[in-house]
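In: model the structure of this input:
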Amino acid sequence: MVRVTRALIVVALGLLVPSSRAVGDVGVRGGWPECRCVPPAACWSAVPWQDLNSSVHGRLAVSVDGFAVCQGTALASDACTEALAHYDDEFWLANQTNGYQHTGLYGTWNISTALSAFTVRAESELDIQATVAFAARHNLRLVVKNTGHDWFGRSAGAGSLLLWTHTLKSIHFDDTFVPAGSTLPGVPAVTVGAGVQFADVYPAANNRLYPGDPAGRRTLMVGGTCDSVGVAGCYLGGCYGPWAKEFGNGAVNLLQARVILANGSVVTASTTSHPDLFYTLRGGGGGNTGVVSEFTARVHPAPRWVGFGSFSATAATASQFHALIKVVLGALADAMVGTSDAAGGMTCSGGGLGFAGSAAVGYSLNFTCRGYESNASVASPLFNTLLMYTHASNGVTANASFWTWTQFEYDPTAPSFPWLEVHPDREISTELVGSLTKWFPIRGIQSKGDGPNSANAIAAGVVNITNLIATMECQFSNYIMFAKQQTGMGPVIEARFNETAQNPVILNTIGLWAPYGNIPSIPQLPPSVKLLAALWPRLKEYAVLSTADPLWAPCTAGAAGNEAEAVACMTGWSENRIPRLLPIFARLRKLAWATFPNVGADGSPFSGSYWNEDDYSNPDFSGSHWGPEIYAKLLRLKDVFDPAGLFYGHHSVGSERWSANGNCRIRQ
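Out: Residues are numbered from 1 along each chain as shown. Model (predicted):
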């Protein structure tokens, strides 16, 4: 970060010009300014930045891109070499003020055009208060960032003021936490600052015995599967990961939050203190009603052992694949509905189901499943059903296995856990070709006949989408995540879920289906040998997949030192390959919506999408993420707590009232 001085402010005011739509007169309409004050509007030069810098004790800085050390002649510097060596390190990126895990979406946005103007490195709740109040007072575009795990660039914005919360790393455990205003007995809980990542809190929890547990189990916080993810963004959007099925997801387990409102005041919210505000924080998404400085969540006993199962099968033809999909989905739905590990069922609290192949080469299906303190006997009904079918079917071969991990095999001081995942490499410093998510509805899987929302229709949709993905000239995910579902949790946890702002369809799903493709990309930098040499090992894995690819030769030569070939490789991808891929993804989107509409043929809710991971161009984001009734309530509360719309994010509550860059109100 470049610290702010009066001279530097003068320079910055002259140089900062947003690459998104320029704003002239700010204007006023309906009592609120029509547009945010961003450069080069006349209001920008009048913003008293030195006052903000004083109020945050010198922690205001001109925003500098994490790869600025590679711009121009600095490309040859040691600092640039060091930065490029870390470009696929999610923790290094999270520690950069303007570091982002996702660098854009081809044809829509990328981080090179979304850099904030100034950054406040918040080191206290008072810093957050001062920054929010200043942004509101001067009508600035405000964005909030912790780690930069963000498919849509919500934590970035051209010409904005960035509030960076990453240094707020406090972690405090309480054996008998009582939320504000509550008269109920206290429960074991953990309170974390807005900058905490799950990599910080998971080991801290596991180093503590769960209070009063006669089995002597350790402590578990429910959170994301990838431990580099931040608690704040994950919890606000819902948050799914290990044991979310067993204990409810992050939003279900949130007990209390400290919230800075748009006027800079601080409120402690819970179900018994400012309950309407608290409701918006439990799955209502970020960019909504305030900035949360602290989260307090219920904790649970960690498993003494975990059961892991896997199943894989191949089918020679599309019709065999269609039949196999129906059987596997049906068996999984039966295993997940109305069961818990404690009741003797295999809940598939983690793992997932993947599809691959084409008519030309045949098809494959594989899934992994893990259960809290499960064993082979509780898993056998699921796997026996599948093996009996596949062994009796021509053209289908299969195998299954089951094993267990016990706590005694694990060093409790280790930084990771066997049920966690390293953040997928394909998501780090990558630009999306396309992405969407859909909840996989159990009521459709269990529906007989040939109707539009039946098991037949779903299986046919999966076959058609799998065939389409096979034509993508890049690696493309086709996977259902079991951890991202809340089916069959039991009445107590389901009642807690129903208190949150989450879409009720989540209670009737086997998981979240997420087809998406990412390409390693640092769009802030122009094509060069040095950049390609850094990207090439991963480009070979995700984009230029074989020596038969026409881009293989120029990319290989470019990475080896030929500057002209490096440019040909990188421009060949962005200017020739991407225009071929985008229409294929548009067809995939159409198929996905036909197979998994938000509303079924009978007029009742059928599917939806996950706010933290979805389609940038979702045509019905409010219905997908919350459903019409919950969204109407969230929008009403948005107007109560943030009437001027200071807090904004793409496809956040109320975002339909603003231009795509979040700078100007849309005339309605």
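
In: give me the low-pLDDT residue ranges for the stretch 301-450 of the chain?
Out: Counting by pLDDT under 70, the stretch 301-450 of the chain contains low-confidence residues at 338-347, 405-416, 418, 422.

In: try it again at 80.
Out: The stretch 301-450 of the chain contains residues with pLDDT under 80 at 337-348, 374-381, 391-395, 402-426.

In: mind listing the strands for it?
Out: 305-315, 350-358, 362-372, 396-406, 430-435, 438-441 (DSSP state E, counting those that start in this stretch).

In: low pLDDT regions in the stretch 101-250 of the chain?
Out: For the stretch 101-250 of the chain, not a single residue meets the criterion pLDDT under 80.

In: what segments of it are strands?
Out: 102-105, 109-110, 118-121, 142-145, 161-164, 171-177, 187-193, 219-221.

In: can I get these in TSV including distance to R258 and mean neighbour count?
Out: Quick note: C-beta positions are derived from backbone N, CA and C, even for glycine. Formatted as TSV, the strands of the stretch 101-250 of the chain follow (distance: least, CB to CB, whole Å; neighbours: other CB atoms under 10 Å):
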stretch	distance to R258	mean neighbour count
strand 102-105	28	24
strand 109-110	31	22
strand 118-121	18	24
strand 142-145	14	26
strand 161-164	15	27
strand 171-177	12	15
strand 187-193	9	22
strand 219-221	18	24
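
In: just say which of the strands of the stretch 301-450 of the chain is most tucked in.
Out: With neighbours taken as mean count of other CB atoms under 10 Å, the strands of the stretch 301-450 of the chain reach their highest mean count in strand 438-441, at a mean of 26.

In: for K633, which of the strands of the stretch 101-250 of the chain is the nearest?
Out: Closest approach to K633 among the strands of the stretch 101-250 of the chain (CB to CB): strand 142-145, 22.9 Å.

In: just how off-centre is the closest one within its chain?
Out: 16 Å (CA atoms, centre = their mean, to the nearest Å).

In: cool, stretch 488-505 as well?
Out: 21 Å.

In: before we move on, back to that, redo the strands of the stretch 101-250 of the chain as a markdown table? Include distance to E575.
Out: Compiled in a markdown table, the strands of the stretch 101-250 of the chain are given as follows (distance: least, CB to CB, whole Å):
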| stretch | distance to E575 |
| --- | --- |
| strand 102-105 | 15 |
| strand 109-110 | 14 |
| strand 118-121 | 33 |
| strand 142-145 | 30 |
| strand 161-164 | 31 |
| strand 171-177 | 47 |
| strand 187-193 | 44 |
| strand 219-221 | 46 |
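
In: among these, which is nearest A586?
Out: Here strand 102-105 is closest among those (CB to CB), at 13.2 Å.

In: rewinding a little: could the strands of the stretch 301-450 of the chain go into CSV alongside distance to L75?
Out: Putting the strands of the stretch 301-450 of the chain into CSV (distance: least, CB to CB, whole Å) gives the following:
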stretch, distance to L75
strand 305-315, 46
strand 350-358, 39
strand 362-372, 43
strand 396-406, 46
strand 430-435, 20
strand 438-441, 42
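
In: for these, which one sits closest to G517?
Out: Nearest of these (CB to CB): strand 430-435, 4.1 Å.

In: other SSEs contacting the closest one?
Out: Contact here means 3 or more CB pairs under 8 Å, 6 or more residues apart in numbering; DSSP states H and E; on that basis strand 430-435 packs against strand 102-105, strand 516-520, helix 578-595.

In: need these in JSON lines with distance to W536, can you?
Out: Listed next are those as JSON lines, based on distance: least, CB to CB, whole Å:
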{"stretch": "strand 102-105", "distance to W536": "17"}
{"stretch": "strand 516-520", "distance to W536": "9"}
{"stretch": "helix 578-595", "distance to W536": "18"}
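
In: minimum distance to L468: which of the ones you listed has it?
Out: helix 578-595 (5.3 Å).

In: the closest one vs strand 516-520, what angle?
Out: 160 degrees (axes from the mean of the first three to the mean of the last three CA atoms, to 10 degrees).

In: show me what counts as buried in helix 578-595.
Out: For helix 578-595, a neighbour-count test (16 or more other CB atoms under 10 Å) marks 578, 581, 584-585, 588-589, 591-593, 595 as buried.

In: then stretch 602-614?
Out: Within stretch 602-614, the residues that qualify as buried are 605-614, counting by 16+ other CB under 10 Å.

In: just the ones in helices from the residues you listed, please.
Out: In helices, judged by DSSP state H, none of the buried residues of stretch 602-614 are found.

In: and which of those residues is nearest L532?
Out: Once CB to CB is applied, the member of the buried residues of stretch 602-614 that ends up nearest L532 is E613, at 28.9 Å.

In: per-residue pLDDT, the closest one?
Out: At E613, the predicted lDDT confidence score is 94.

In: partner residues bridging it?
Out: Beta-bridge partners for E613, by DSSP bridges, are Y610.

In: pull the contacting residues for it.
Out: By CB atoms under 8 Å, 6 or more residues apart in numbering, the contact set of E613 is 151, 435, 437, 512, 514.

In: any idea how far the fourth one lies from L329?
Out: When you say that, I think you mean L512. Taking CB to CB, to the nearest Å as the measure, L512 falls 14 Å from L329.

In: for the first one, same thing?
Out: W151 sits 26 Å away from L329, going by CB to CB.

In: G99 touches W92, doesn't it?
Out: Yes. At 7.3 Å, G99 counts as touching W92 under the criterion of CB atoms under 8 Å.

In: quick check: phi and psi at A360.
Out: The phi/psi pair for A360 (degrees, to the nearest 10) reads phi -70, psi -40.

In: from the contacts of E613, which ones fall inside helices?
Out: Among those, no member falls in helices (DSSP H).

In: and which of those residues is nearest C664?
Out: The closest of the contacts of E613, once distances to C664 are taken by CB to CB, is W151, at 23.3 Å.

In: counting neighbours, what do you get for that closest one?
Out: Counted by other CB atoms under 10 Å, the residues lying close to W151 total 21.

In: ok, now which ones touch it?
Out: Contacts of W151 (CB under 8 Å, 6+ apart): 102, 105, 432, 435, 612-614, 616.

In: so how far is L209 from A114?
Out: A114 is 45 Å from L209, where distance means CB to CB.

In: next one: F440
Out: Going from F440 to L209 by CB to CB gives 37 Å.

In: tabulate the contacts of W151 (JSON lines), appending distance to V299.
Out: Listed next are these as JSON lines, based on distance: CB to CB, whole Å:
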{"residue": "H102", "distance to V299": "30"}
{"residue": "L105", "distance to V299": "36"}
{"residue": "L432", "distance to V299": "34"}
{"residue": "S435", "distance to V299": "32"}
{"residue": "N612", "distance to V299": "22"}
{"residue": "E613", "distance to V299": "25"}
{"residue": "D614", "distance to V299": "29"}
{"residue": "Y616", "distance to V299": "35"}
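
In: apart from its chain neighbours, what residue comes closest to the residue nearest to the spatial centre of the chain?
Out: Nearest to the mean C-alpha position of the chain, by CA atoms, centre = their mean, lies N612 at 3.9 Å. Distances taken as CB to CB, 6 or more residues apart in numbering put G237 closest to N612, at 3.8 Å, once the chain neighbours are dropped.

In: go on, A514?
Out: Using CB to CB, 6+ apart and skipping the chain neighbours, the partner closest in space to A514 is T437 (4.8 Å).

In: in contact with that neighbour, which residues?
Out: For T437, the contacting residues are 512-514, 609-610, 613-615, by CB under 8 Å, 6+ apart.

In: repeat that with 7 Å
Out: Residues near T437 by CB atoms under 7 Å, 6 or more residues apart in numbering: 512-514, 609-610, 613-614.

In: all helices for the stretch 251-400 of the chain, in order.
Out: Listed in chain order, the helices of the stretch 251-400 of the chain (DSSP state H, counting those that start in this stretch) span 275-281, 318-336, 376-391.
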